[in-house]
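Visitor: Here is my input; please provide its structure:
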Amino acid sequence: MTRTGSPTRRFRLTKIVATLGPASSSPEMIRRLFEAGVDMFRLNFSHGSHADHGERVKAIRALERETGRPIAILADLQGPKLRLGTFAGGPIELAPGQSFRLDLSKEPGGAARVGMPHPEIFAALEPEAELLLDDGKVRLRVVSCGPDHADTVVVSGTRLSDRKGVNVPGVVLPLSPLTAKDRTDLAFALDQGVDWVALSFVQRPEDVAEGRRLVAGRAALMCKMEKPQAIQHLDEIIELSDGLMVARGDLGVELPAEDVPSIQKRIVRDSRRAGKPVIVATQMLESMISAPAPTRAEASDVATAVFDGADAVMLSAETASGSYPIEAVSMMERIARRVEQDPIYRTIMDAQHPDPQHTAADAITAAARQVAHTIEAAAIVTYTTSGSTTLRAARERPEVPILCLTSSIETARRLALAYGVHSVQTEDVENFSEMVQKATRIAFADGLASEGQRLVITAGVPFGTPGNTNILRIAWVEG
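Guide: Residues are numbered from 1 along each chain as shown. Okay, the predicted model is just below:
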């Protein structure tokens, strides 16, 4: 990538993800969002056409060329959408204790029944199972069921209308996370050169393996943790994934609301321990869809995700369709910076360093963080091909930026999501002396270090061997 001017240096370590949509699709708006602090743009394939998403990718890549800054693009696949059929006379009224039947009939429903065109749900149901309709606003308990119907009783909820969503908590559904639409969207997204693919409706490790097989290494794979069944396999899913997203909105439908905060913390903690980037998402600044400022509770929610040590926090409808997309990003930026300046934040980060594995690479990386702290270095520099050296450094949550130097633009873009990482694509170096010179020169040019400050540099020798971090060097920056 040609670096054509002063790159945008972030003065925070936590990254910001923003969803593009009708309110934020023009090249000018994408530029403004980036300047306000966005590090990764999310394309939500639940909405919009391929032509829409293709134009957004073009605008992002044009901005990337102009600024010389790698920008990550996330393609978020829709996944299976389980919905009711329609009602003949419009919305119906329900009463607790009322009997209500679900079946496979395509006939419009009424006060006593409605179609649910998903035989896989009926195949998995058992008596006493619970069905949640319309994001949990209506709750049904199964009394009896068969391969083409379920007789239920209304537990709560008073109104139901056409095509509302269906959730089946506590039941593993025999469904692939990738529908025919998802496979078409995935092929398009990969041809567009997206950097990350987010997989929805993950229930089991096998779902991740299926997604990884289809992505075939052309992008990094992110698993959305939105099904309670996935939490039961968290360790295996983390191992098979390149990153995770905590989709609190969907989790909160199928789980008690009081369980979601602790699950969020567990996912963030375990992802960090594994060195996998993790995003906290959904309803973070929800009121800013229509208001220029968030509630105090929303500001606290964003701050909590930062205190947890998440790599990134995400905006959805706030930037995709809201009235204040720039203000939402700016608010998220200010909250993250304020938290990171709080002494309590550094105390938390330092108290939660994962135990290093018994390898030279982990020993060098852990030492780099400690050395940087002791000598008050301006930054840690990593040379990487695959990104593993840089992700290992980010796992340590150092108090200074991580300057990632890589010859791979794909690696530079993917790492734009990782905690504290300032990615730069640059040509390969031939020897250690050249490596040090390049590191100090770029750190100075990009505003990460001033003349007379020191850098802690880690790399693997011989160069180009993935994961072979075996050297640490302290270097002075010269103007």
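Visitor: so where do the strands sit in the stretch 51-200 of the chain?
Guide: 72-76, 92-93, 99-103, 113-115, 130-133, 138-146, 149-156, 159-160, 166-167, 196-199 (DSSP state E, counting those that start in this stretch).
Visitor: what about the helices in the stretch 251-400 of the chain?
Guide: Taking DSSP state H, counting those that start in this stretch as the criterion, the stretch 251-400 of the chain carries its helices at 260-274, 296-308, 317-320, 325-340, 343-351, 360-375, 388-395.
Visitor: For Leu214, which residues are in contact?
Guide: 178, 183, 186 (C-beta atoms under 8 Å, 6 or more residues apart in numbering). Any C-beta I mention is one placed from the backbone N, CA and C, and that applies to glycine too.
Visitor: Just the closest of those to Gln229, please.
Guide: For the contacts of Leu214, the closest approach to Gln229 (C-beta to C-beta) belongs to Leu178, at 16.6 Å.
Visitor: Next, count neighbours for the closest one.
Guide: 21 (other C-beta atoms under 10 Å).
Visitor: now swap in Leu186 and tell me
Guide: Neighbour tally, Leu186, other C-beta under 10 Å: 22.
Visitor: That one and Gly79 touch, don't they?
Guide: No: Leu186 lies out of contact with Gly79 (C-beta atoms under 8 Å); the separation is 11.2 Å.
Visitor: mind listing the helices for the stretch 101-250 of the chain?
Guide: Under DSSP H, counting those that start in this stretch, the stretch 101-250 of the chain gives helices at 119-124, 180-192, 205-215, 228-231, 234-240, 248-254.
Visitor: so which of those helices comes closest to Gly170?
Guide: helix 228-231 (6.8 Å).
Visitor: Could you list the alpha-carbon positions for the closest one in PDB?
Guide: Provided in PDB are the C-alpha atoms of helix 228-231 (Å, rounded to 0.1, in the frame of the first residue of the first chain):
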ATOM      1  CA  PRO A 228     -26.900 -20.300  24.500                       C
ATOM      2  CA  GLN A 229     -25.800 -23.700  23.000                       C
ATOM      3  CA  ALA A 230     -22.600 -22.100  21.700                       C
ATOM      4  CA  ILE A 231     -21.600 -21.000  25.300                       C
END
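Visitor: mind listing what's buried in it?
Guide: If you call a residue buried by 16 or more other C-beta atoms under 10 Å, then helix 228-231 has these buried ones: 228-231.
Visitor: Can you tell me which of those lies closest to Gln437?
Guide: Among the buried residues of helix 228-231, Ala230 lies closest to Gln437 (C-beta to C-beta), at 46.6 Å.
Visitor: wait, what's in contact with that closest one?
Guide: 202-204, 223, 237.
Visitor: From those residues, pick the one nearest Asp103.
Guide: The nearest member of the contacts of Ala230 to Asp103, counting by C-beta to C-beta, is Gln203 at 24.5 Å.
Visitor: so that closest one touches Pro177, yeah?
Guide: Yes: counting by C-beta under 8 Å, Pro177 is a contact partner of Gln203 at 7.4 Å.
Visitor: circling back: could you save the helices of the stretch 251-400 of the chain as a markdown table and add columns showing distance to Asn468, mean neighbour count and mean pLDDT?
Guide: Converted to a markdown table, the helices of the stretch 251-400 of the chain look like this (distance: least, C-beta to C-beta, whole Å; neighbours: other C-beta atoms under 10 Å; pLDDT from 0 to 100):
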| stretch | distance to Asn468 | mean neighbour count | mean pLDDT |
| --- | --- | --- | --- |
| helix 260-274 | 19 | 18 | 96 |
| helix 296-308 | 31 | 18 | 97 |
| helix 317-320 | 40 | 26 | 98 |
| helix 325-340 | 31 | 21 | 98 |
| helix 343-351 | 27 | 13 | 94 |
| helix 360-375 | 7 | 18 | 93 |
| helix 388-395 | 8 | 26 | 94 |
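Visitor: and the residue nearest to Ala220 when sequence neighbours are not counted, how many neighbours?
Guide: Once flanking residues are discounted, Ala220 sits nearest to Asp242: 3.9 Å by C-beta to C-beta, 6 or more residues apart in numbering. Neighbour count for Asp242, taken as other C-beta under 10 Å: 20.
Visitor: from here on, count from 529
Guide: Will do, 529 is the new start, and the previous item becomes Asp770.
Visitor: pretty sure Asp770 contacts Gly803?
Guide: No: using C-beta under 8 Å, Asp770 is not in contact with Gly803, being 10.3 Å away.
Visitor: For the nearest residue to Cys673 once chain neighbours are set aside, give me its contacts.
Guide: Spatial nearest neighbour of Cys673, chain neighbours left out: Leu653 (4.6 Å); criterion: C-beta to C-beta, 6+ apart. Taking C-beta under 8 Å, 6+ apart, we find Leu653 in contact with 659, 670, 673, 678, 696, 699.
Visitor: What separation do you get for the first one and Asp567?
Guide: Meaning Leu659. For Leu659, the distance to Asp567 (C-beta to C-beta, to the nearest Å) stands at 39 Å.
Visitor: Kindly report the same for Ser633.
Guide: Using C-beta to C-beta, one obtains 48 Å as the distance from Ser633 to Asp567.
Visitor: So between those two, which is more surrounded?
Guide: Taking other C-beta under 10 Å, Ser633 and Asp567 do not tie; Asp567 has more neighbours (24 against 16).
Visitor: Now the residue nearest to the more buried one when sequence neighbours are not counted. Its backbone dihedrals?
Guide: Using C-beta to C-beta, 6+ apart and skipping residues adjacent in sequence, the residue nearest Asp567 is Lys543, 4.1 Å away. Main-chain torsions, Lys543, degrees, to the nearest 10: phi -90, psi 160.
Visitor: got a list of what Ile930 touches?
Guide: Contact analysis of Ile930 by C-beta under 8 Å, 6+ apart lists 907-910, 918, 921-922, 946, 948-950.
Visitor: Bridged to it, which residues?
Guide: Counting by DSSP bridges, Ile930 forms beta bridges with Ile908, Val949.
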